[in-house]
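> sequence and predicted structure below; questions after.
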Amino acid sequence: MSAAEQAQAAQSTRNGWLLSAPALVILTLFAVGPLMIVVVYSFLAPGKYGNIEWAFSLEGWRGILYTKDIFDDTYKLADANVTIFWRSIKLSLMTTALTFAVGFPTAWFIATRPAKSRALWLFLITIPFWTNLLIRTYAINEVIRNEGMFNTLMMKLGLISEPIRIIYTDTAVFIGMAYVYLPLMVLPLFAAIDRFDMRLLEAGYDLYASRLQVLRRIILPIVKPGIIAGSILVFVPSLGAYVTPRVLGGGKQMMIGNFIDLQFGQGRNWPLGAALSLTLLIIVTIALLVYVKYANRDTTHGH
Amino acid sequence: MTQNTAVEARHAVKAFGQGDNAVRALDDVSIEIRKGEFFTLLGPSGCGKTTLLRLIAGFEMPTSGTILLDGQDITYLPPNQRPVNTVFQSYALFPHLTVAQNVGFGLQMQGRPKAEVKETVARMLALVKLEPMANRKTSQLSGGQQQRVALARALAPKPKVLLLDEPLSALDLKLRKEMQIELKRLQTETGITFVFVTHDQEEALTMSDRIGVMSAGKLQQIGAPKDIYTRPVNRFVASFIGETNFLPATAEAGAARLATGDLIDLPGLAGSGHVTVTVRPEQVRLVETTDPGAIAATVKSMVYFGTDTHCYMALKDGTEVVARLQSPATGEAGLQQGQQVGLRFAPGAAQIVED
């Protein structure tokens, strides 16, 4: 390489860095930077009055699963924390399952409409996004609370004599999250089903497959990328949900999101809050990696 | 219905739409397809040939009429319960499965034992010469290879009837010719009844044992390729299968008189009134203008086709006639535009067709 070429290569490298500088600055300022602050805080000690003591400590990380006994300073498993983790994962999985069960037929219905009306149906699916999440959640609250629409109607019809208590239970959070995240499942599923060649259905029936077999052996494997995308889009925000469990879970049925909020607010334990945030990030990352790996193996080697 | 019938349609009607807007895709079609034959449904697009195929496959139910398979009424049987398989125009191969898995799909769905599936798939892949491709994805295959997979997949469950819906239309000319021979070979080797749908008359003539010509939802004529070509029953069949000349004429006893006044011998023709005489271009002979019985014509244009040359001529009344001549002959004759020639039809070549 001649000197001129070297100079040119160096120039082009310099240009590359210069051109990506704005993006790099923004990423550093708004993504890596805050994350690093959270990491640093998670290794500091909580002060007595909700402040931070600048000393290395694993107290925050230990606090994720263990509590210190006030009297003898021994550590024991924090049942409340385990319950919150378990509830978050369980509710997120259930939400993903329910949105899939409801979203798949919905997406199929839209994808099989004539091209002209399809745009209208898709538009209807996106309408909830126009309303603030908080308002949508309170709307669900209005429907399911003890004196709400559902219970009033059921009692008027004489089907029940006392209101069914749904509000401030796991069920309420589950219903609310499924409602809020449903469009996130429907849209990627629609995109996958829209690309699906409907003529394959006839080929399947022609080759002696029953309806169920056509669904299991042909449709589901082919639209799997859409199912994976939809599941990720629903599972990840469900796991970190904050507003829905707060409004429908009534503060008692906490999920990780509310628990983190508690540490930064009333709890005044920022290191624990930071460690919890990172734990959530780690759980989501592991879940995604496992899911993607599993999904890839399945698509490249058939079954 | 005889022992020899594989599939039969009786007065099959298929109407799409309701009331006044209803379109009859199939209009009272009755047809018997014999066991082990290569039967072709031929017609222009929209003639109802694919609809008839779909009634046999079970993808559609007739508005009225019956479909029988081996003497059994299968009119309302769903496709997955009919021992009939289809090769689709688009092939409709399963993109998430390998070639071998595609071919084995039908057998698997029938619940055949694994060993049998494996053995049959291997045999089918050998039959269509695709053994090396067994573990490829179908998207990695060429059009011709995909076509073979589609064939192997449909043949694997050993259907009583194989339906082929314009399977060669997506292939280029050379590949299409190869696949025509291949299809014929497969049909002979497997002995399975083939019902082949095409709009390509040449394909129909070269491959079929019998052809059913369809137009406007109706069956126009059924017969061996030679019968259809040489004895078309009506103007549609005559013009759809190969090129032909139509000459308006008036019926006389034993002959038809053209508008030019020339007489064409047609033994058996009786009565009077307007008739249409048809003659295939290869049956038109050029003779001296002085030849007795020659019909006078003027050469309009010559089109060279390689082995033969088409000579477009006009009779005295302006009726156009085309003759297909072997190329050396035209060279010798040295025909030129505007030249006066005499025409003769080969004995027995002229015939009357319904309009």
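Arrived safely. Residues are numbered from 1 along each chain as shown, chains lettered A, B, ... in the order given.
> close to chain B: what parts of the stretch 151-300 of chain A are there?
A:197, A:199-200, A:202-210, A:213, A:217-218, A:221-222, A:299 (Cβ under 8 Å from any Cβ of the partner chain). For glycine as for every other residue, the C-beta is placed from the backbone atoms N, C-alpha and C.
> can you tell me which of these are in strands?
Cross-referencing these with the strands (criterion: DSSP state E) gives no overlap at all.
> now those residues: which count as buried?
Buried subset of these (neighbour count, 16 or more other Cβ atoms under 10 Å in any protein chain shown): A:200, A:202-209, A:213, A:217-218, A:221-222.
> JSON lines for these, including pLDDT?
Putting those into JSON lines (pLDDT from 0 to 100) gives the following:
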{"residue": "A:L200", "pLDDT": "95"}
{"residue": "A:E202", "pLDDT": "94"}
{"residue": "A:A203", "pLDDT": "95"}
{"residue": "A:G204", "pLDDT": "96"}
{"residue": "A:Y205", "pLDDT": "95"}
{"residue": "A:D206", "pLDDT": "95"}
{"residue": "A:L207", "pLDDT": "95"}
{"residue": "A:Y208", "pLDDT": "95"}
{"residue": "A:A209", "pLDDT": "95"}
{"residue": "A:Q213", "pLDDT": "95"}
{"residue": "A:R217", "pLDDT": "95"}
{"residue": "A:I218", "pLDDT": "95"}
{"residue": "A:P221", "pLDDT": "94"}
{"residue": "A:I222", "pLDDT": "94"}
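> which one of those sits closest to B:I211?
A:D206 (24.3 Å; Cβ to Cβ).
> I'd assumed B:A57 was in contact with that closest one.
Yes. Using Cβ atoms under 8 Å, A:D206 makes contact with B:A57 at a distance of 6.2 Å.
> identify the contacts common to those two.
Between them, A:D206 and B:A57 share the neighbouring residues B:79, B:84, B:86, with contact defined by Cβ atoms under 8 Å, 6 or more residues apart in numbering or on different chains.
> go back to the residues you listed and keep what's next to chain A.
Taking Cβ under 8 Å from any Cβ as the test, chain A is in contact with B:79, B:84, B:86 out of the shared contacts of A:D206 and B:A57.
> tell me the one of the residues you listed nearest A:G265?
Checking these one by one against A:G265 (Cβ to Cβ), the nearest turns out to be B:P79, at 62.5 Å.
> the closest one - how many residues pack around it?
A count of nearby residues for B:P79, using other Cβ atoms under 10 Å in any protein chain shown, gives 23.
> hmm, B:A57 and it touching each other?
Yes. Using Cβ under 8 Å, B:P79 makes contact with B:A57 at a distance of 5.7 Å.
> say whether chain B is contacted by stretch A:106-115.
No. Using Cβ under 8 Å from any Cβ as the criterion, no contacts between stretch A:106-115 and chain B are found, and the smallest distance is 15.4 Å.
> check B:L286 and give its pLDDT.
With respect to pLDDT, B:L286 scores 85.
> would you verify that it is located in a strand?
Yes. The assignment for B:L286, made by DSSP: H, G, I helix; E, B strand; the rest coil, places it in a strand.
> so it bridges to which residues?
With DSSP bridges as the criterion, B:L286 is bridged to B:L343.
> ok, it to chain A distance?
With the distance defined as Cβ to the nearest Cβ, to the nearest Å, B:L286 ends up 51 Å from chain A.
> and if you look at B:G268?
For B:G268, the distance to chain A equals 48 Å [Cβ to the nearest Cβ].
> returning to that earlier point: could you dump the ones next to chain A among the shared contacts of A:D206 and B:A57 into a markdown table with secondary structure added?
As requested, those are exported to a markdown table (three-state DSSP):
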| residue | secondary structure |
| --- | --- |
| B:P79 | helix |
| B:V84 | strand |
| B:T86 | strand |
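> okay, now the closest residue to chain B within the stretch 1-150 of chain A: neighbour count?
Using Cβ to the nearest Cβ, the single residue of the stretch 1-150 of chain A nearest to chain B is A:P114, 15.4 Å away. Here the number of neighbours of A:P114 (other Cβ under 10 Å) works out to 6.
> state the distance from it to A:I125.
When distance is defined by Cβ to Cβ, to the nearest Å, A:P114 is 17 Å away from A:I125.
> same question for A:F43.
According to Cβ to Cβ, A:F43 stands 44 Å off from A:I125.
> where do the contact lists of B:P79 and B:A57 overlap?
When contacts are counted by Cβ under 8 Å, 6+ apart, B:P79 and B:A57 are jointly contacted by A:202, A:206.
> ok so, going back, adding distance to A:L153, write the buried ones among the residues of the stretch 151-300 of chain A next to chain B out as JSON lines.
Converted to JSON lines, those look like this (distance: Cβ to Cβ, whole Å):
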{"residue": "A:L200", "distance to A:L153": "43"}
{"residue": "A:E202", "distance to A:L153": "44"}
{"residue": "A:A203", "distance to A:L153": "46"}
{"residue": "A:G204", "distance to A:L153": "42"}
{"residue": "A:Y205", "distance to A:L153": "42"}
{"residue": "A:D206", "distance to A:L153": "47"}
{"residue": "A:L207", "distance to A:L153": "48"}
{"residue": "A:Y208", "distance to A:L153": "47"}
{"residue": "A:A209", "distance to A:L153": "42"}
{"residue": "A:Q213", "distance to A:L153": "40"}
{"residue": "A:R217", "distance to A:L153": "42"}
{"residue": "A:I218", "distance to A:L153": "41"}
{"residue": "A:P221", "distance to A:L153": "42"}
{"residue": "A:I222", "distance to A:L153": "41"}
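> the residues you listed in helices, which ones?
Residues from these lying in helices, with DSSP state H as the criterion: A:200, A:202-206, A:213, A:221-222.
> next, give me the two most distant ones among these.
The two members of those with the most space between them (Cβ to Cβ) are A:D206 and A:P221, at 18.2 Å.
> contacts only, for the residue in the stretch 51-200 of chain A that chain B sits nearest to.
The stretch 51-200 of chain A approaches chain B most closely through A:R199 (4.6 Å), counting by Cβ to the nearest Cβ. The neighbourhood of A:R199, defined by Cβ under 8 Å, 6+ apart, consists of B:88, B:90, B:92.
> can you give me the domain boundaries for chain B?
As assigned by automatic domain parsing, chain B contains the domains B:5-237, B:243-353.
> point out the most buried one among these.
Each of these was given a mean neighbour count from mean count of other Cβ atoms under 10 Å in any protein chain shown, and the largest, a mean of 19, is that of domain B:5-237.
> distance between the ends of that one?
25 Å (Cα to Cα, to the nearest Å).
> re the thing from before, just list the residues touching the residue of the stretch 1-150 of chain A closest to chain B, thanks.
By Cβ under 8 Å, 6+ apart, the contact list for A:P114 is empty.
> tell me, how many residues neighbour A:T285?
The burial metric for A:T285, expressed as a neighbour count using other Cβ under 10 Å, is 11.
> quick check: next helix or strand after the longest strand seen in chain A?
As assigned by DSSP E, the longest strand anywhere in chain A is strand A:52-56. For strand A:52-56, the following helix or strand on the C-terminal side (DSSP states H and E) is helix A:59-62.
> which helices and strands sit right next to the very next helix or strand once past that next one?
Following helix A:59-62 in sequence order, the next helix or strand is strand A:66-68 (DSSP H and E). The criterion is 3 or more Cβ pairs under 8 Å, 6 or more residues apart in numbering or on different chains; DSSP states H and E, and the helices and strands that strand A:66-68 contacts are strand A:75-77.
> which secondary structure elements does the strand it packs on contact?
strand A:66-68.
> which strands border the strand it packs on, and is each parallel or antiparallel?
Here strand A:66-68 has these sheet partners by DSSP bridges: strand A:75-77 (antiparallel).
> what does stretch B:128-147 contact?
Contacts with stretch B:128-147, where a contact means Cβ under 8 Å, 6+ apart, come from B:91, B:93-95, B:97-100, B:102, B:121-122, B:125, B:148-149, B:151-152, B:167-168, B:170-172, B:175, B:178-179, B:182, B:186.
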